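>>> here is my input, please return the structure:
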Amino acid sequence: MPYKEKPILKKYYNIGEVADMFGVATSLLRFWEKEFDEVNPKKNRNGKRQYTQKDIDSIKLIYHLVKEKGYTLAGARDIIKSQSNKSKNKLDVISSLKDVRNFLTDLRANIS
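Residues are numbered from 1 along each chain as shown. Below you'll find the predicted structure:
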């Protein structure tokens, strides 16, 4: 059986890496940190933010609601508090469907 390389998942990501993941400015992440209790990165001895996967998942949900769905910050906050698990599950399904679409698009391009 051939060796299958697994992607290396980091325990902590810095603010620049997280900003690049979402294509936003680092200042927006700092702003969301103040606006949403769900985003609470740890800080190292130097005061640099260290985002965990849980923080990134929260940011993904906030990004989806605010940037993709067009909710206000107050509206997004209300949805997150009232339907936390439901919103996260819905976002997971959307993310999976986007992955499948990208895979199929790549597959079609390689077949042609």
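
>>> grab the nearest non-local neighbour of residue 58.
Using C-beta to C-beta, 6 or more residues apart in numbering and skipping the chain neighbours, the partner closest in space to residue 58 is residue 38 (3.9 Å). C-beta here means a position set from N, CA and C on the backbone, and glycine is covered the same way.

>>> show me what contacts that neighbour?
By C-beta atoms under 8 Å, 6 or more residues apart in numbering, the residues touching residue 38 are 58, 61, 62, 80.

>>> as TSV, those residues with distance to residue 72, pLDDT and secondary structure would be great.
As requested, those are arranged in TSV below (distance: C-beta to C-beta, whole Å; pLDDT from 0 to 100; DSSP: H, G, I helix; E, B strand; the rest coil):
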residue	distance to residue 72	pLDDT	secondary structure
58	18	89	helix
61	15	88	helix
62	12	92	helix
80	13	85	helix
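
>>> give me the pLDDT for residue 93.
The predicted structure scores residue 93 at 76 on the pLDDT scale.

>>> nope, residue 86 is what I was after
62.

>>> thinking again about what came up before, the contacts of residue 38 into a markdown table, with extra columns for distance to residue 104 and neighbour count?
Rendered in a markdown table, the data for the contacts of residue 38 read as follows (distance: C-beta to C-beta, whole Å; neighbours: other C-beta atoms under 10 Å):
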| residue | distance to residue 104 | neighbour count |
| --- | --- | --- |
| 58 | 29 | 23 |
| 61 | 25 | 22 |
| 62 | 28 | 24 |
| 80 | 31 | 19 |
